[in-house]
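Asks: Provided below for reference: sequence and predicted model.
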Amino acid sequence: MAKTESALNPLMKHRKRLNETTMRELFAADTGRFESFSASAGEILLDYSKNRIDAGAMKALIGLARDAGVEARRDAMWAGEAINITENRSVLHMALRYGGDQPVRAAGGDDIMPGIREVLERMRVFSDQVRDGSIRGATGEQFTDVVNIGIGGSDLGPAMVTLALEPYSRADLRLHYVSNVDGAHMGDTLKRLDPKRTMFIVASKTFTTDETMTNANTARGWLATALGDGAVNDHFAALSTNLAATDAFGIRQDRIFGFWDWVGGRYSVWSAIGLPVAISVGFDNFKAFLDGAYQMDRHFLETPLEQNLPVIMAVLGVWYRNAWGFSTHAVLPYDQRLSRFAAYLQQQDMESNGKSVTLSGKPVQWPTGPIIWGEPGTNGQHAFYQLIHQGTDVIPCDFLIAAQPHEHLPPHHDKLVANVLAQSEALMLGKTKDEVVAELKAQGLTKDAIKALTPHKMFPGNRPSNTLMYPKLTPEVLGALVALYEHKVFVQGTIWDVNSYDQWGVELGKQLAKALLPKVEGMTGTEGHDSSTQGLVRHYLALKG
Ligand code: G6Q
């Protein structure tokens, strides 16, 4: 709305001031900069001092969040108001990890906590029984492999968390995630599995998603071929809000774990969708993951905006997106186990704030969600960091690092830490002409060689980053990290005045392929499609033979 546009404009005067200085100068002028621009939530420290900010800019940015009504909207979300206006739904994923004893209501209805606790208790019993072998396959063998079949929000969260919490898993119980309708995904997974020891979890909020249902049918066929139709019952479970459809698929009642329409797909890892995580790491660790998120929720709900981590990260993102025009944001965990974290955040952030109309349906007049991307360090350093250091685009980065590793393999972890700190320092400082010349002189290069090489070896610096540091990647810390980013996305969506909780672009994808399938199968003609699509279908049918 016009309100957001006029609120964003005053940021430009702060940008103008900060454009005339560098972070290198700001650090030199203020030895207390780290203390001024760092904050904590529980076990997580956020150092945001290596950003193009000063006290004046931060005040304006926090003021922007306050004026956008972040506090009121946050409270409205938690009060169960239907803030997802295009689907007329409450947004209550925080309830899934709520550890308090107050009632929580969706859109003024009954307390939803008893239902949440009941499903959690059933998840506890079921995951315990799969792990201890009291639930077995049709032939009496203990399960050694669990395949989660789901896509998008029914895949990315549990897949990311399972990888991240590998130290808490058991070597004799392996989790697999199949999402793509590309038969390669299911084919390659099944190739290594023994049907007698394999359990399938069909995870789908709607239980109508084509990829998931296709994969589920293939898995059912594979199992029935090996063990007979009667075995299917013992090898399948379902996670869904559509209990009628799970029933129709033939999954027995006590293996169906429900959730609710106020849980968005990309916010569902805290719900029954987390069952594969509970099976992998044990229910107590899954519960600790929920508790970590609950602690972050409390921080978000109770801490003044000035010290509120999700708010600080959100307004810095708005600062770069709207005042500086930076269009991408890198998430760079120095934590190999967070190798799917950026992919997870891509969905969380880009599906939430990749919107170009306001809540009232008008075209937005300002850029919204940035492109989120990233890979773990140090690998990225040997690949795309070149562009972050010396490319023509400025890419704000989040670095993540644990103080303690899970393994005792010195000197690995100190090296990892040295690398992450070196990167953020180098991005901030850059390398001046004088420094390059001095360096090349010391190497004994000729005057001409120094002249030719210097521009290539200079680094502009002044490139912004946040560093998140935590003691160890425990289930609690992981839960807190995920919740931190969820709330960041919420705050940004509020400032940008968009609905962060619908996903019409995803729904479109679900419809488009349906219309083309009969044509690709050669059952009907391609009339009505553009000539490119018609030509490609013809070529495909000819190649397919
Ligand atoms: C998430 C999106 C989307 C969804 C998948 C799977 O917020 O809505 O990624 O999770 O399309 O949907 P189902 O769980 O209904 O199969």
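Replies: Received, thanks.
Asks: tell me the secondary structure at residue 148.
Replies: What DSSP: H, G, I helix; E, B strand; the rest coil gives for residue 148 is strand.
Asks: ok, now how distant is it from the ligand?
Replies: With distances defined as CB to the nearest ligand atom, to the nearest Å, the gap from residue 148 to the ligand amounts to 11 Å. No exception for glycine: its C-beta is placed from N, CA and C like everyone else's.
Asks: check contacts around the closest residue to that residue other than its chain neighbours.
Replies: Counting by CB to CB, 6 or more residues apart in numbering, the nearest residue to residue 148 once its immediate chain neighbours are dropped is residue 276, at 4.4 Å. For residue 276, the set of contacting residues under the criterion of CB atoms under 8 Å, 6 or more residues apart in numbering consists of 146, 148, 158, 162, 175, 177, 201, 203.
Asks: kindly report the same for residue 218.
Replies: Applying CB under 8 Å, 6+ apart as the definition, the contact partners of residue 218 turn out to be 183, 186.
Asks: residue numbering should commence at 775 henceforth.
Replies: Noted, 775 is the first residue going forward, which turns the last one into residue 992.
Asks: follow-up on the earlier one: include neighbour count and pLDDT when you put the contacts of residue 1050 into CSV, please.
Replies: Putting the contacts of residue 1050 into CSV (neighbours: other CB atoms under 10 Å; pLDDT from 0 to 100) gives the following:
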residue, neighbour count, pLDDT
920, 23, 99
922, 27, 99
932, 29, 98
936, 25, 98
949, 20, 98
951, 24, 98
975, 27, 98
977, 31, 98
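Asks: how far away is residue 931 from residue 1121?
Replies: From residue 931 over to residue 1121 the distance is 9 Å, taken as CB to CB, to the nearest Å.
Asks: so between the two, which is more surrounded?
Replies: Set side by side, residue 931 and residue 1121 give different neighbour counts by other CB atoms under 10 Å, the larger being at residue 931 (28 against 20).
Asks: distance-wise, check the more buried one relative to the ligand.
Replies: For residue 931, the distance to the ligand under the criterion CB to the nearest ligand atom works out to 9 Å.
Asks: not counting sequence-adjacent ones, nearest residue to that residue?
Replies: Leaving out its chain neighbours, residue 931 is closest to residue 1043 (CB to CB, 6+ apart), at 3.0 Å.
Asks: and for residue 907?
Replies: The shortest distance from residue 907 to any residue that is not its chain neighbour, by CB to CB, 6+ apart, is 4.2 Å, and that residue is residue 916.
Asks: ok, now how distant is the residue positioned nearest the centre of the chain from residue 1281?
Replies: With distances taken as CA atoms, centre = their mean, the residue of the chain nearest its centroid is residue 1119 (2.2 Å). Here residue 1119 is placed at a distance of 21 Å from residue 1281 (CB to CB).
Asks: could you do residue 910 as well?
Replies: Counting by CB to CB - residue 910 and residue 1281 are separated by 39 Å.
Asks: who's more crowded, those two?
Replies: Legend: neighbour count by other CB under 10 Å for residue 910 and residue 1281, higher for residue 910 (17 against 10).
Asks: look up phi and psi at that one.
Replies: Note on residue 910: its backbone torsions stand at phi -130, psi 170 [degrees, to the nearest 10].
Asks: also the one 5 residues further on?
Replies: When quoted as degrees, to the nearest 10, the phi and psi of residue 915 stand at phi -80, psi 150.
Asks: and for it, nearest residue in space, chain neighbours not counted?
Replies: Closest residue to residue 915 apart from its sequence neighbours, by CB to CB, 6+ apart: residue 970 at 4.6 Å.
Asks: same thing with residue 904?
Replies: Of all residues not flanking residue 904 in the chain, residue 1053 sits nearest, at 5.3 Å (CB to CB, 6+ apart).
Asks: nearest to the ligand: which residue in the stretch 1125-1274 of the chain?
Replies: Closest contact between the stretch 1125-1274 of the chain and the ligand, by CB to the nearest ligand atom, is at residue 1125 (5.6 Å).
Asks: test my guess that that residue contacts residue 1041.
Replies: No. The pair formed by residue 1125 and residue 1041 falls short of the contact definition of CB atoms under 8 Å, at 10.4 Å.
Asks: who has more neighbours out of the two?
Replies: When neighbours are counted by other CB under 10 Å, residue 1041 comes out ahead of the other of residue 1125 and residue 1041, with 25 against 22.
Asks: distance across stretch 1019-1034, terminal residue to terminal residue?
Replies: End-to-end distance for stretch 1019-1034, by CA to CA, to the nearest Å: 15 Å.
Asks: what comes up buried for it?
Replies: 1019-1020, 1023, 1025, 1029-1034 (16 or more other CB atoms under 10 Å).
Asks: rewinding a little: residue contacts, the residue nearest to residue 931?
Replies: Listed by CB under 8 Å, 6+ apart, the contact partners of residue 1043 are 931-932, 934-935, 1051, 1256.
Asks: sorry, back to before: tell me the SS of the residue nearest to the centre of the chain?
Replies: Here residue 1119 takes the helix state, with states given by three-state DSSP.
Asks: ok, it - contacts?
Replies: The neighbours of residue 1119, taking CB under 8 Å, 6+ apart as the test, are 1105, 1146, 1148, 1259.
Asks: next, format these as CSV and append secondary structure and distance to the ligand.
Replies: As requested, those are arranged in CSV below (DSSP: H, G, I helix; E, B strand; the rest coil; distance: CB to the nearest ligand atom, whole Å):
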residue, secondary structure, distance to the ligand
1105, strand, 19
1146, strand, 15
1148, coil, 19
1259, helix, 14
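Asks: got a markdown table for these, with neighbour count and pLDDT too?
Replies: Formatted as a markdown table, the entries for these read as follows, by neighbours: other CB under 10 Å; pLDDT from 0 to 100:
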| residue | neighbour count | pLDDT |
| --- | --- | --- |
| 1105 | 24 | 98 |
| 1146 | 24 | 98 |
| 1148 | 25 | 98 |
| 1259 | 22 | 99 |
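Asks: ok, these vs residue 1132, which is closest?
Replies: For residue 1132, the nearest member of the contacts of residue 1119 is residue 1146. The distance, counting by CB to CB, is 21.6 Å.
Asks: C-terminal to the helix or strand encompassing residue 1068, what's the next element?
Replies: Applying DSSP states H and E as the criterion places residue 1068 in helix 1057-1076. Using DSSP H and E, the helix or strand that follows helix 1057-1076 towards the C-terminus is helix 1083-1092.
Asks: next, the angle helix 1057-1076 makes with that next one.
Replies: 70 degrees (axes from the mean of the first three to the mean of the last three CA atoms, to 10 degrees).
Asks: with adjacent residues omitted, what lies nearest to residue 869?
Replies: Nearest-residue entry for residue 869: residue 878, 4.5 Å, with adjacent residues in sequence omitted and distances by CB to CB, 6+ apart.
Asks: if we only consider the contacts of residue 1050, which is nearest to the ligand?
Replies: Distance ranking of the contacts of residue 1050 against the ligand, using CB to the nearest ligand atom, places residue 977 first at 6.6 Å.
Asks: need phi/psi at the closest one.
Replies: Residue 977 has phi and psi values of phi -110, psi 110 when expressed as degrees, to the nearest 10.
Asks: can you tell me the closest non-neighbouring residue to it?
Replies: Nearest residue to residue 977, sequence neighbours excluded (CB to CB, 6+ apart): residue 924, at 3.3 Å.
Asks: which SSE is residue 1252 in?
Replies: Assignment of secondary structure by DSSP H and E places residue 1252 within helix 1249-1270.
Asks: run the chain-centre distance for the helix or strand that that helix is followed by.
Replies: Remark: after helix 1249-1270, the chain's next helix or strand is helix 1278-1294, criterion DSSP H and E. Centre-to-centre, helix 1278-1294 and its host chain are 25 Å apart (CA atoms, centre = their mean, to the nearest Å).
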